[in-house]
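Q: sequence? don't have it. structure:
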Ligand code: EPZ
């Protein structure tokens, strides 16, 4: 088991480079098997979830090459099995994208019910509703979702709730359906747009991605392409919050500032200065930050995937902040851990009342999921003394070289794998 051990108190300074968006890359990798030609993807983050999905498509027969750390070449012409192993699925929720991709291309797919971070009940009824509307039969039995169709035929689909996964999954299957599909009440997240752009670069005909209504003219075949994944707005936002919590001054490069607007706005309300450049943002935090209100919403609202990191910032801001989580009902599990570092936060259902304390104090804490784990690291960077974050497996699902990037900004953080190494770090920094 690995841990991050952190000596807090250093304001972060300097420059950091953001990688490709994990959640865009996952959908794009699944969509890449929809052609028999080779697809070359760049700016693919080298994180665990991406590597698990690459393993899953290799396992069903696709050829995957990685000529460079962030470049992946995929050829789906050799796929010989349309059933994706439970071993892969239980580790990442995004494996459900293979349902849409394989159903679109082969009219048949079988995928185990997905796992992923435990942040609330994670239904997939809307994905299934979409596949059925396109003419597929979908069955769930023995933990497997099986979908098949003689023909996929376009339809008008209304999503009862805004869902990133359902929008993308239906988009993929509809790209190879007969006729014009319209999906209403779509997710507008930048990665939905990225997947649509990617599919269009393969010959799909998708319009309106980024709005609440997407129109897809089905095509017969998709072809090979070269495509670069968009920057990760959540990785960028995580560094922005780390700068805010530590009172630092950092330029965050390779970002699309527009995608960061909700995080930028909340950090500015809390008293940070955020300067936007073409493909970078600079965050400067001086003095004590102040309270504000945050409510998570689908894009362009404040992202749920930034909620724990922002709460950690507000936990040491002056006054009382209110944070409302409206996407996942179980996303405040880290608050108990944060309390062990001195936070004063009361959670009532989906609302957290955050009474800002003067400072956090180092403690041994456990990472309950990906974003909450990153948030606890931020708390450790801001805290007095030593923090050990256990179960960093979760963090590695979505952050590449997290400790190294933070070290580059002056943080005292190390990835360790034994109590002996923790003691060694303590001696070194004392
Ligand atoms: C994606 O999950 C992301 N995961 C999540 O990021 C992110 O938190 C979420 O979108 C919201 O932005 C990936 O992209 C791999 P949803 P997804 O379908 O697609 C309800 C991270 O930290 N819903 O948009 O699974 C659902 O319960 C991860 O990187 C249904 O009711 O989320 C939730 O309340 C964690 N029925 C809401 O919609 C459905 O069929 C939004 O979920 C599907 C969803």
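A: Looks like it arrived, so ask away. Nothing here was measured: the structure is a model prediction, and the numbers come from that model.

Q: What ranges does the stretch 301-430 of the chain have for its helices?
A: Per DSSP state H, counting those that start in this stretch, the stretch 301-430 of the chain carries helices over the ranges 307-315, 335-339, 370-382, 393-396, 402-408, 419-429.

Q: What's the first helix or strand after the lowest-mean-pLDDT helix or strand in the chain?
A: One helix or strand of the chain scores below all others by mean pLDDT, DSSP states H and E: helix 86-89, with a mean of 74. Per DSSP states H and E, the first helix or strand lying C-terminal to helix 86-89 is helix 97-106.

Q: Residue numbers of this protein in contact with the ligand?
A: 23, 26, 93-94, 117, 119, 122-127, 161, 163-166, 187, 304-305, 327-328, 370-371, 398 (CB under 6 Å from any ligand atom). Yep, even glycine has a C-beta here, placed from its N, CA and C like the rest.

Q: out of the residues you listed, which are buried?
A: 23, 26, 93-94, 117, 119, 122, 124, 126-127, 163-166, 187, 304-305, 327-328, 370-371, 398 (16 or more other CB atoms under 10 Å).

Q: Flag the shaky bits of the chain, pLDDT-wise.
A: 114-121 (pLDDT under 70).

Q: Looking at it, which residue is nearest the ligand?
A: The ligand sits closest to residue 165 of the chain, with a gap of 2.8 Å, by CB to the nearest ligand atom.

Q: from the middle of its chain, how far away would stretch 164-179 be?
A: 20 Å (CA atoms, centre = their mean, to the nearest Å).

Q: which non-adjacent residue is nearest residue 133?
A: In space, and not counting its chain neighbours, residue 133 is closest to residue 155: 4.3 Å by CB to CB, 6 or more residues apart in numbering.

Q: Contacts only, for the one you found.
A: Listed by CB atoms under 8 Å, 6 or more residues apart in numbering, the contact partners of residue 155 are 133, 134, 135, 181.

Q: Which ones among those residues map onto helices?
A: residue 133 (DSSP state H).

Q: Which two of the contacts of residue 155 have the greatest separation?
A: 135 and 181 (10.9 Å; CB to CB).

Q: Which of these two has more residues huddled nearby?
A: Applying other CB atoms under 10 Å to residue 135 and residue 181 shows that residue 181 carries more neighbours, namely 26 against 17.

Q: Next up, the contacts around that one.
A: 134, 154, 155, 156, 157, 170, 174, 215, 216, 218.

Q: Quick check: residue 366 touching residue 390?
A: Yes: using CB atoms under 8 Å, residue 366 is in contact with residue 390, at 4.7 Å.

Q: Between the two, which has more neighbouring residues?
A: Taking neighbours as other CB under 10 Å, residue 366 and residue 390 compare with residue 366 leading, 19 against 16.

Q: For that one, give me its contacts.
A: Neighbours of residue 366 in contact, by CB under 8 Å, 6+ apart: 337, 389, 390, 391.

Q: Restrict those residues to the buried ones and give me that as a ChimeraX selection.
A: Typed into ChimeraX, the line below selects the buried ones among the contacts of residue 366, using 16+ other CB under 10 Å:
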select :337,389,390,391
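
Q: what sits against the closest residue to residue 385 other than its chain neighbours?
A: Of all residues beyond its chain neighbours, the one nearest residue 385 is residue 362 (3.3 Å), with distances taken as CB to CB, 6+ apart. By CB under 8 Å, 6+ apart, the contact list for residue 362 reads 6, 7, 8, 341, 380, 383, 384, 385, 386, 387.

Q: did I read that right, residue 109 in a strand?
A: Yes: according to DSSP: H, G, I helix; E, B strand; the rest coil, residue 109 belongs to a strand.

Q: Would you mind confirming that residue 171 is in contact with residue 194?
A: No: using CB under 8 Å, residue 171 is not in contact with residue 194; the gap is 11.4 Å.

Q: Settle it for me: which of those two has more neighbours?
A: Neighbour count, other CB under 10 Å: between residue 171 and residue 194, residue 171 has more, with 27 against 24.

Q: hmm, back to that, between which two of the contacts of residue 362 is the distance greatest?
A: Greatest spatial distance in these: 7 and 341, 13.8 Å, computed using CB to CB.

Q: between those two, which one's more packed in?
A: Taking other CB under 10 Å, residue 7 and residue 341 do not tie; residue 341 has more neighbours (26 against 22).

Q: Any idea how many residues pack against the closest residue to that one other than its chain neighbours?
A: Counting by CB to CB, 6+ apart, residue 341 lies nearest to residue 360, which is 4.2 Å off, once chain neighbours are set aside. If you count neighbours by other CB under 10 Å, residue 360 ends up with 26.

Q: Phi, psi for residue 360 please.
A: Backbone torsions for residue 360, taken as degrees, to the nearest 10, come to phi -90, psi 160.

Q: That one against residue 317, yeah?
A: No: the pair residue 360 and residue 317 fails to qualify as a contact (CB under 8 Å) at a distance of 12.0 Å.

Q: What subset of the contacts of residue 181 is buried?
A: Burial by neighbour count, judged by 16+ other CB under 10 Å, picks out 134, 154, 155, 157, 170, 174, 215, 216, 218 from the contacts of residue 181.

Q: now for these, which pair is the farthest apart?
A: 134 and 215 (14.3 Å).

Q: Quote the end-to-end distance of stretch 319-339.
A: Using CA to CA, to the nearest Å, the end-to-end distance of stretch 319-339 comes out at 17 Å.

Q: what comes up buried for that stretch?
A: 321, 323, 325-328, 331-335, 337-339.

Q: And it, how far out from the chain middle?
A: Worked out by CA atoms, centre = their mean, stretch 319-339 lies 18 Å from the chain centre.

Q: What residues does the residue nearest to residue 211 when sequence neighbours are not counted make contact with?
A: Among residues not flanking residue 211 along the chain, residue 188 sits closest, at 6.6 Å (CB to CB, 6+ apart). By CB under 8 Å, 6+ apart, the contact list for residue 188 reads 210, 211, 212, 298, 299, 300.

Q: do residue 4 as well
A: 377, 380, 388, 389, 392, 395, 402, 403, 413, 414, 415, 416.

Q: of all the residues you listed, which two lie farthest apart?
A: 388 and 402 (15.0 Å).

Q: right, and residue 272 touches residue 246 too?
A: No: assessed by CB under 8 Å, residue 272 is found out of contact with residue 246, at 11.4 Å.
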